[in-house]
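S.K.: Provided below for reference: sequence and predicted model.
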Amino acid sequence: MYQAPRGTTDILPEDQDYWVFLEEKISEITRLYGYERIETPVFEDSSLYTRTTGEYTDIVQKEMYTFEDRGGNSLSLRPEGTPSVCRAYIQHGLQNKPQPVKLYYLTSIFRYERPQAGRYRQSHQFGCEAIGDADPALDAEIIDIAWRLYQAAGLQNISILINSIGCRECRPKYLEALKGHYSGKEEILCSDCKTRLVNNPLRLLDCKQPKCQDITDSAPRNIDFLCDECSAHLDKVKEYLVALELPYQLNHRLVRGLDYYSRTVFEVQPEDDRAQATIGGGGRYDYLIEELGGKPTPGVGIATGIERIILNMKKQGVEVPLLPSPRVLVAYMGDEAKKQAVRLTSDLREAGISTVNAASGKSLKAQLKQANTLGVSYTVILGEDEVKNSTAVLRDMTNASQEIVPFNKLLELLK
Ligand SMILES: [Zn+2]
Ligand SMILES: [Zn+2]
């Protein structure tokens, strides 16, 4: 017997109500904010991710699904959305459109993760990107979109954490100070952090190992090293967040796991369950497009995991409307009646009434049982007598009352 690959999951019809609910909210909210949908390929050139997400990040080093195709090209399944969107922005000349270009995606991502609650090897992300403008109001807007979705999803007790990791000018000075703080303490650091100290020092702040956290607690803070421009940008982001009444906290340890961020980074986390980690996160990436060979173009984005949102909705007891069942079932006895039933079903659908035919080869009793299971409001019954007399039995399933009606009046009655 085959099983779905480890860390993947089937989303069965009975699980779809949360998905449909969120998909509808996302399409509503993105329209409100003027973001247009983009869909990029499931796989890209592997080097797209090593150059942007970062060669020394966990995503690229440990989690990416990389394979060689039959033409000998190294491809990777998309582990996150932003690099593809920026690649598409350059490839299709979107810099020639009025800026900023505002895009969103709702798509699957692939990461070889250790499977646990809300964490899958194939999962789904909703992400927004505002590209072509360094305006700090866009940082706030991007956070606001995600926040509106969380509000619509009924999530409570979640908080926004923000930080600034500076720019090309001010970050090197901070990294020096950070390295200085950790050097001489290599003995105590976990093996990952020993490598980070050399390859990706900012990520030292991210380590969850207690022995590393002790050193992190006294580490210098990025915010104290920001240049005037970065400092002013962060102040503006905070001002706009206040104007939008978004509750945020500054968190000096927040760096995000990806290489391309500059200035603002942010995460949304459940307050009571930090271990379960982020529901959504993002930041500004003012050098990413340039890194990919485009003109220097600022950008900011956020991505949020659909499975994580649903997990938290269920944990918090948020219920969503059930998906509507068909309104009518057409039951029939005999060949002639079946022919009429097939036609009637089609006519009812044409009239916009969701209708199904009864399963074949079943007794009338079994067909009525099917109607109950489906939860339809009405059952139309066509038997030999009804066919002969051009009538039908119309059964109201809510009170099990039924009446004989002329066949040609059915459509009107059901409407
Ligand atoms: Zn700076
Ligand atoms: Zn560590």
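M.R.: Yep, it's here. Just so you know, these numbers come straight off a predicted model, no measurement behind them. Ligands and ions are numbered 1, 2, ... in the order given.
S.K.: output the below-cut-off pLDDT ranges for the protein.
M.R.: 273-276 (pLDDT under 70).
S.K.: around ligand 2, pick out the residues from it.
M.R.: Neighbours of ligand 2 within the chain, by Cβ under 5 Å from the ion: 190, 193, 207, 209, 212. Glycine gets a C-beta too; all of them are placed from N, C-alpha and C.
S.K.: against residue 231, how distant is the last one?
M.R.: Here residue 212 is placed at a distance of 28 Å from residue 231 (Cβ to Cβ, to the nearest Å).
S.K.: which of the two has more neighbours?
M.R.: Of the pair residue 212 and residue 231, residue 212 is the one with more neighbours under other Cβ atoms under 10 Å, namely 22 against 16.
S.K.: can you pull the contacts of the more buried one?
M.R.: By Cβ atoms under 8 Å, 6 or more residues apart in numbering, the contact set of residue 212 is 188, 189, 190, 193, 204.
S.K.: could the residues you listed go into JSON lines alongside secondary structure and neighbour count?
M.R.: Listed next are those as JSON lines, based on DSSP: H, G, I helix; E, B strand; the rest coil; neighbours: other Cβ atoms under 10 Å:
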{"residue": "188", "secondary structure": "coil", "neighbour count": "14"}
{"residue": "189", "secondary structure": "coil", "neighbour count": "19"}
{"residue": "190", "secondary structure": "coil", "neighbour count": "14"}
{"residue": "193", "secondary structure": "helix", "neighbour count": "23"}
{"residue": "204", "secondary structure": "helix", "neighbour count": "24"}
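S.K.: would you convert those into JSON lines that also reports distance to ligand 1?
M.R.: What follows is those, written out as JSON lines (distance: Cβ to the ion, whole Å):
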{"residue": "188", "distance to ligand 1": "31"}
{"residue": "189", "distance to ligand 1": "27"}
{"residue": "190", "distance to ligand 1": "30"}
{"residue": "193", "distance to ligand 1": "25"}
{"residue": "204", "distance to ligand 1": "20"}
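S.K.: pick the one among those closest to residue 339.
M.R.: residue 190 (72.6 Å; Cβ to Cβ).
S.K.: nearest spatial neighbour of the closest one, chain-adjacent residues omitted?
M.R.: residue 209 (4.5 Å; Cβ to Cβ, 6 or more residues apart in numbering).
S.K.: what's the spacing between the residue nearest to residue 148 when sequence neighbours are not counted and ligand 1?
M.R.: Among residues not flanking residue 148 along the chain, residue 29 sits closest, at 5.4 Å (Cβ to Cβ, 6+ apart). Residue 29 is 32 Å from ligand 1, where distance means Cβ to the ion, to the nearest Å.
S.K.: secondary structure element for residue 380?
M.R.: For residue 380, the host element (DSSP states H and E) is strand 378-382.
S.K.: would you give the sheet partners of that strand, along with the direction of each?
M.R.: Strand pairing for strand 378-382, determined by DSSP bridges: strand 328-332 (parallel), strand 391-396 (antiparallel).
S.K.: same list (those strands) but as TSV, adding distance to ligand 1 and mean neighbour count.
M.R.: Output for the strands paired with strand 378-382, formatted as TSV (distance: least, Cβ to the ion, whole Å; neighbours: other Cβ atoms under 10 Å):
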stretch	distance to ligand 1	mean neighbour count
strand 328-332	65	27
strand 391-396	70	19
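S.K.: CSV for those strands, including distance to residue 178?
M.R.: Listed next are the strands paired with strand 378-382 as CSV, based on distance: least, Cβ to Cβ, whole Å:
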stretch, distance to residue 178
strand 328-332, 67
strand 391-396, 72
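S.K.: of all these, which lies closest to residue 152?
M.R.: When the strands paired with strand 378-382 are compared by Cβ to Cβ, strand 328-332 sits nearest residue 152, at 31.8 Å.
S.K.: following the closest one, which helix or strand comes up?
M.R.: Counting by DSSP H and E, what follows strand 328-332 is helix 335-350.
S.K.: C-terminal to that next one, what's the next element?
M.R.: Counting by DSSP H and E, what follows helix 335-350 is strand 355-357.
S.K.: tell me the strands beside the one helix or strand residue 67 maps to, with direction?
M.R.: In this structure, residue 67 sits in strand 66-68 according to DSSP H and E. Strand pairing for strand 66-68, using DSSP bridges, gives strand 74-77 (antiparallel).
S.K.: interface residues of the stretch 151-300 of the chain facing ligand 1?
M.R.: By Cβ under 5 Å from the ion, the residues of the stretch 151-300 of the chain that approach ligand 1 are 166, 167, 169, 170, 227, 230.
S.K.: what do you get if the cut-off is 8 Å, keeping everything else the same?
M.R.: 166-171, 226-231, 263 (Cβ under 8 Å from the ion).
S.K.: can you list the residues that contact the helix or strand where residue 368 lies?
M.R.: Residue 368 belongs to helix 364-374 when assigned by DSSP H and E. Here helix 364-374 makes contact (Cβ under 8 Å, 6+ apart) with 325-326, 329, 331-333, 356, 358-359, 362, 379, 381, 383, 395, 397.
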